[in-house]
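Participant: quick one, structure for this:
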Amino acid sequence: MLIRVEIPIDAPGIDALLRRNFDGGGEASLVHALREDGQLTLGLVATDDDGQVMGYVAFSPVSVEGEELQWVGLAPLAVDEAWRGQGIARQLIFEGLDSLNEFGYAAVVALGEPAFYGHLGFETAANYGLRCRWPDTEKAFQVHRLADDALEGVGGQVEYSDHFNRF
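Facilitator: Coordinates of the predicted model:
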């Protein structure tokens, strides 16, 4: 397995993976729209020995109370069913966090299973006065600081790209 930054030739494999893993194709359309509008900060793929996409994670810009703070949102994350349970999602996220840290990003937010993200160093965002627009997500909305001072004096609503409201 190889984890690397996505390249244009990966797009059909990413699209197929997301359509297999999420009902309705919304996540595939979301990634396509983010990519087309230049709002995909980082996309990583996990490929098998033949170059087939077996996992994917995307990161895109978010703002806090309308302010750009060098934060990104993690979404979507997918691993092909045949490859689950091997730590690929964890490896994709860690590789993404490392790269984003090197690029000077301050924090990453994610909406997902608290136990899973907690094992990766994410914390409940509500503990820092952060929330997202989707109802009943207080426990699932997580934040991971990349910069030591990323959460100091920050609070309020975290806004994802408008594309997240369309699909």
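
Participant: okay, now the nearest residue to Ala126 once chain neighbours are set aside: neighbour count?
Facilitator: Excluding its sequence neighbours, the residue lying closest to Ala126 (C-beta to C-beta, 6 or more residues apart in numbering) is Glu138, at 4.9 Å. In short, each C-beta sits where N, CA and C put it, glycine included. Other residues near Glu138 come to 13 when the count uses other C-beta atoms under 10 Å.

Participant: show me the contacts for Glu138.
Facilitator: Listed by C-beta atoms under 8 Å, 6 or more residues apart in numbering, the contact partners of Glu138 are Thr124, Ala126, Arg131.

Participant: bridged to Val64, which residues?
Facilitator: Glu67, Val158 (DSSP bridges).

Participant: could you check how far it is from Leu146?
Facilitator: With distances taken as C-beta to C-beta, to the nearest Å, Val64 is found 14 Å from Leu146.

Participant: pretty sure Leu30 sits against Pro76.
Facilitator: Yes: in this structure, Leu30 sits in contact with Pro76. The criterion is C-beta atoms under 8 Å, and the distance is 7.0 Å.

Participant: settle it for me: which of these two has more neighbours?
Facilitator: Neighbours were counted for Leu30 and for Pro76 using other C-beta under 10 Å; Leu30 has more, 23 against 18.

Participant: was I right to think Leu97 contacts Val108?
Facilitator: Yes: contact status for Leu97 versus Val108: in contact at 6.5 Å, counting by C-beta under 8 Å.

Participant: what residues are shared contacts of the two?
Facilitator: Between them, Leu97 and Val108 share the neighbouring residues His144, Leu146, with contact defined by C-beta under 8 Å, 6+ apart.

Participant: right, I'll leave it there.
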